[in-house]
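A.B. asks: no FASTA, just this:
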């Protein structure tokens, strides 16, 4: 798979189509999508992202959602992301092939990295959630930013020269990446990580130091441009952009959430289960032991700092989340980190498995497992339950719109409802969660349905939505008022077959 460019194009297209075919037919509105759809004319979509340092995302979301009028039309935004990720994946494949030709990484590693991009949990979210449609641009820009600088540096010895064109191009692409989605820019460091591991030296080479330095310089330039963008738009920065000085707390966060998540490969898990407490530390420990075994002739004193510097690389790849006050490792923030960890694991495995027949058997089995999990995560953990949620709600509202008054009592869905109905996992705010479990969803959802059914925006805007987190909370409220006229119980509606 992926051994020649024409075959690679066909293989990438085929796998994307098989795994993500529902992007062309599925109707639903997930979380932020409904808020951005209902508010698609008031510029609030731009403001929300611009205050978070994602000015270019604000422009893109404002324009694209501004051209979208119905829940059914949201699929066109997802289709845009679908083709964007095909382009991005093939571009990454070409870049990786170039580095493979320079013997920076193994050719078989290129194929697995390409496959992992296609099936990874973050990409499933980027395609399935229209609010993340910009991520392919952020990732591609970040990769090309790092590749442009690295390719200019690679092979130089002694006094190293960097062309002004490479510096400016890398800076420009890096700024674009950051203004779309900050965490995507960590992919910049991928070739420098490859180079450091290939050298297997305690002290990083000049090329690595220059890459790390320029990576931080791009962040610094971006920070001042972000502040300028706020000033020019007369906006105040979101609380999410606050910088944390709690270094022990952030390190604890990294080793308890993002890093374990990266070491569970493509397996989705609930954070309160035994899986992240056993599988992730187990794989991390296995990787550490494998590094010691691989370089045991160099001695403990060499290997320990070598591993520590690799961990520092991973920390820097995840830098935006490491310096922000917010401690939340959603899958959409993890793509560069997961890609780096995946490469570290498979490159170690490839080194220790010597026999070709064994290597082919394990590689084929592992690739099959990855494709199955990728298909399952997108279709059954994400799309299928959301389609049912929207379909049931849309059908419920169809015959009741004429009786709809100016007040709606809305009982939100239980977060674990999909878990009980479909035997799937609820992970963070991305996989296995009803859209209507969140408090910012009911009002725009009701209003959007009303305007789609009646064409009357004034009527939709006048509807007051009083919402409750559970049926018990609603029953307590109900006892204090007259019998409510229009009650929507999402747990009952979603459970209808």
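C.D. replies: Looks like it came in fine. The shown structure was predicted, so the numbers you read here are calculated from the model rather than taken from an experiment.
A.B. asks: What about the closest residue to residue 452 other than its chain neighbours, how many residues nearby?
C.D. replies: Distances taken as CB to CB, 6 or more residues apart in numbering place residue 70 nearest to residue 452, at 5.5 Å, with adjacent residues excluded. From N, CA and C alone the C-beta is placed, and that goes for glycine too. Residue 70 has 14 neighbours, counted by other CB atoms under 10 Å.
A.B. asks: For residue 70, which three-state class applies?
C.D. replies: With DSSP: H, G, I helix; E, B strand; the rest coil as the basis, residue 70 sits in coil.
A.B. asks: those strands in the stretch 1-150 of the chain, which residues are they?
C.D. replies: Along the stretch 1-150 of the chain, no stretch is classed among the strands by DSSP state E, counting those that start in this stretch.
A.B. asks: Quick check: the residue nearest to the spatial centre of the chain vs residue 212, distance?
C.D. replies: By CA atoms, centre = their mean, the chain has its centre lying nearest to residue 332, at 1.8 Å. Residue 332 is 25 Å from residue 212, where distance means CB to CB, to the nearest Å.
A.B. asks: Just the helices from the stretch 1-150 of the chain, written as ranges.
C.D. replies: For the stretch 1-150 of the chain, the helices defined by DSSP state H, counting those that start in this stretch occupy 5-19, 32-38, 44-50, 55-66, 74-101, 107-119, 121-128, 135-153.
A.B. asks: Give me the buried stretch members for the first one, please.
C.D. replies: Same thing as helix 5-19. In terms of neighbour count (16 or more other CB atoms under 10 Å), helix 5-19 has its buried residues at 8, 11-12, 15-16, 19.
A.B. asks: what would the residues you listed look like in a markdown table with pLDDT and distance to residue 45?
C.D. replies: Formatted as a markdown table, the entries for the buried residues of helix 5-19 read as follows, by pLDDT from 0 to 100; distance: CB to CB, whole Å:
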| residue | pLDDT | distance to residue 45 |
| --- | --- | --- |
| 8 | 80 | 36 |
| 11 | 90 | 36 |
| 12 | 93 | 31 |
| 15 | 96 | 32 |
| 16 | 97 | 27 |
| 19 | 97 | 29 |
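A.B. asks: so where does residue 466 fall, helix or strand?
C.D. replies: Residue 466 is part of strand 464-468, with elements assigned from DSSP states H and E.
A.B. asks: Mind listing what's buried along stretch 145-164?
C.D. replies: Of all the residues in stretch 145-164, those buried under the rule 16+ other CB under 10 Å are 145-153.
A.B. asks: helices or strands up against the strand holding residue 466?
C.D. replies: Here strand 464-468 touches strand 407-411, helix 442-454, helix 471-478, going by 3 or more CB pairs under 8 Å, 6 or more residues apart in numbering; DSSP states H and E.
A.B. asks: Paired strands for it, with orientation please.
C.D. replies: Strand 464-468 pairs in its sheet with strand 407-411 (parallel), by DSSP bridges.
A.B. asks: Can you report how many residues lie near residue 55?
C.D. replies: Residue 55: 22 neighbours (other CB under 10 Å).
A.B. asks: Distance check, residue 150 against residue 195.
C.D. replies: Here the distance between residue 150 and residue 195 works out to 7 Å (CB to CB).
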